[in-house]
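Participant: With the input below, show me the fold.
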Amino acid sequence: MAFREILYKIKSYFGSRLGINSASTVSLDTRIAAFLFRSKRADYYYYLADVIEGTKGKKSLLDIFLSDAERYKTSARGKLSSHWATQFDRCGGSLSKTFQATLPDEDVAALEALQESGGETALESALRDLAANTELVSKAKAIVITTSAVAIACLAMLMIFVIMMPAYIVPKLIAAFSMLPPEYYPSSAASLFSLADFVGDYWAFIVFLFVAFIYGCTWSLSNVTGRARTYLDKYGMAWGLYRDFQSIRFLSFLAAMIKRRGNESTVLLDAVEMQTIGASRWKRYHIDLMLQYIKRGSVGPELFATGIMDKTMEWYIADLIEARGFEDALEFVRDRLKERVLKKITTQSVIISWVVLMSSILLSSWLMFWQMAVIEDMRKALQMFLAQ
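Facilitator: From the prediction side, this is the model:
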């Protein structure tokens with residue numbers, strides 16, 4: 001009995017870490033399948049929209065899920081389709097409960113709201129909008145990842161190089177010049193050996209500081225708000241990059257939500273408030289400000305003056321809203337986000353990557369030339385010592 005209690009506590013602990021509890025209807029296997037399926041979401045949204053349009057509603061979502069479960073079997077899509085079919089039938093067609101914990105919360109909320117407001121036609125249009133939005137965000141992520149990969153690798157190599165100094169490089173140098181007494185070491189060698197001793201004594205603390213710094217920067221991207229964030233957005237390229245990336249998601253999603261579908265349209269207040277689902281602290285801060293503006297009756301360009309985007313984009317949208325109206329302006333902006341914002345994200349990512357890359361290379365080169373100078377100085381010092 002005690003052994004079962006221990007197993008239950010272990011399961012509960014790791015379950016909570018993975019976001020799974022005893023009341024959850026989503027198994028670990030399904031969550032893993034959802035993670036593997038993330039990169040294919042855009043294509044799947046297009047697929048669902050095409051099937052709904054092509055069959056003119058004759059093939060329901062449940063039929064699509066069942067067919068995919070049979071076709072794809074044990075693949076990620078097959079497992080998810082089987083899960084969705086079970087949930088869809090059990091929950092009476094509720095999309096929020098069907099897709100819960102397997103698709104992004106904001107996507108699920110949009111699909112649920114639009115299906116309720118406009119039925120299959122609205123759902124088809126919503127799926128296409130979400131597919132386009134997902135493609136846009138995925139492309140932005142790919143740009144950041146690909147441009148940053150080499151720089152991150154160089155930074156990691158620099159850290160390894162520094163840690164290797166007391167563990168391998170300096171001991172080899174001392175062994176190679178073992179005949180030279182320490183009191184004859186040249187100043188360049190003494191400085192290098194002192195640095196190596198410091199790294200050797202405090203390497204764990206240095207690694208901790210490095211990891212803490214990276215974690216702190218990463219955490220601040222989605223959590224820091226207020227005046228400090230305004231300063232970071234203005235002068236910190238990584239924070240500005242995050243803001244631009246999030247503005248893509250926000251504007252694309254908002255345009256999809258308020259777009260007229262048949263004779264129905266989503267109220268702006270609901271469209272903005274819905275984006276609080278799954279939002280970071282930073283995004284929720286801006287959304288709360290927008291909700292305050294809307295409740296005061298401000299539904300014009302000032303809605304985007306919270307700092308959720310840079311001034312250039314804010315002024316651009318303001319001009320469009322003044323000329324075309326709110327809904328048409330967002331629709332127009334959404335169609336041009338890919339060219340304007342992705343280009344900026346690409347430029348900023350390249351600049352950040354080159355700064356990190358060149359800094360890592362310069363520091364590594366400096367350490368390498370320092371070691372070469374130490375070898376030469378130690379050689380001369382040894383010759384002078386032996387000549388005595």
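Participant: And this protein, what are its domain boundaries?
Facilitator: As assigned by automatic domain parsing, the chain contains the domains 28-103, 132-388.
Participant: so how far does the shortest one reach from one end to the other?
Facilitator: Terminal residues of domain 28-103 lie 14 Å apart, using C-alpha to C-alpha, to the nearest Å.
Participant: Determine how far it lies from the middle of the whole chain.
Facilitator: 24 Å (C-alpha atoms, centre = their mean, to the nearest Å).
Participant: Any stretches of the protein with poor pLDDT?
Facilitator: 1-25, 113-122, 259-266, 335, 337-338 (pLDDT under 70).
Participant: Enumerate every residue touching the residue at minimal distance from the centre of it.
Facilitator: With distances taken as C-alpha atoms, centre = their mean, Lys141 lies nearest the centre of the chain, 7.0 Å away. By C-beta atoms under 8 Å, 6 or more residues apart in numbering, the contact list for Lys141 reads Phe245. Using the backbone N, CA and C atoms, a C-beta is placed for each residue, glycine as well.
Participant: just to revisit the earlier point, so can I have JSON lines of the domains of the chain showing distance to Ala109?
Facilitator: Listed next are the domains of the chain as JSON lines, based on distance: least, C-beta to C-beta, whole Å:
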{"stretch": "domain 28-103", "distance to Ala109": "7"}
{"stretch": "domain 132-388", "distance to Ala109": "5"}
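Participant: Looking at these, spot the one closest to Glu112.
Facilitator: Closest of the domains of the chain to Glu112 is domain 28-103, at 4.4 Å (criterion: C-beta to C-beta).
Participant: what's the longest helix anywhere in the chain packed up against?
Facilitator: Ranked by residue count under DSSP state H, the longest helix found in the chain is helix 326-387. Applying 3 or more C-beta pairs under 8 Å, 6 or more residues apart in numbering; DSSP states H and E, one finds that helix 326-387 contacts helix 105-164, helix 170-176, helix 187-223, helix 237-258, helix 311-324.
Participant: and those, which is most packed in?
Facilitator: A comparison of the helices and strands packed on helix 326-387 by mean neighbour count, using mean count of other C-beta atoms under 10 Å, puts helix 237-258 on top with a mean of 21.
Participant: Now do it against helix 326-387, angle only.
Facilitator: 160 degrees (axes from the mean of the first three to the mean of the last three C-alpha atoms, to 10 degrees).
Participant: Output helix 237-258 as CSV, restricted to C-alpha atoms.
Facilitator: Extracted in CSV, the C-alpha atoms of helix 237-258 (Å, rounded to 0.1, in the frame of the first residue of the first chain):
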residue,chain,number,x,y,z
MET,A,237,17.1,44.6,-30.1
ALA,A,238,16.1,41.3,-28.7
TRP,A,239,13.1,42.9,-26.9
GLY,A,240,12.1,44.9,-30.0
LEU,A,241,12.3,41.7,-32.0
TYR,A,242,10.0,39.9,-29.6
ARG,A,243,7.6,42.9,-29.7
ASP,A,244,7.5,42.8,-33.5
PHE,A,245,7.0,39.1,-33.5
GLN,A,246,4.1,39.3,-31.1
SER,A,247,2.5,42.2,-33.1
ILE,A,248,2.3,39.8,-36.0
ARG,A,249,0.3,37.4,-33.9
PHE,A,250,-1.9,40.0,-32.4
LEU,A,251,-2.8,41.9,-35.5
SER,A,252,-3.3,38.8,-37.6
PHE,A,253,-5.5,37.2,-35.0
LEU,A,254,-7.5,40.4,-34.4
ALA,A,255,-8.1,40.9,-38.1
ALA,A,256,-9.3,37.3,-38.4
MET,A,257,-11.6,37.8,-35.4
ILE,A,258,-13.3,41.0,-36.4
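Participant: Between helix 311-324 and that helix, find me the angle.
Facilitator: 20 degrees.
Participant: quick revisit: got the angle for the longest helix of the chain vs helix 187-223?
Facilitator: 160 degrees.
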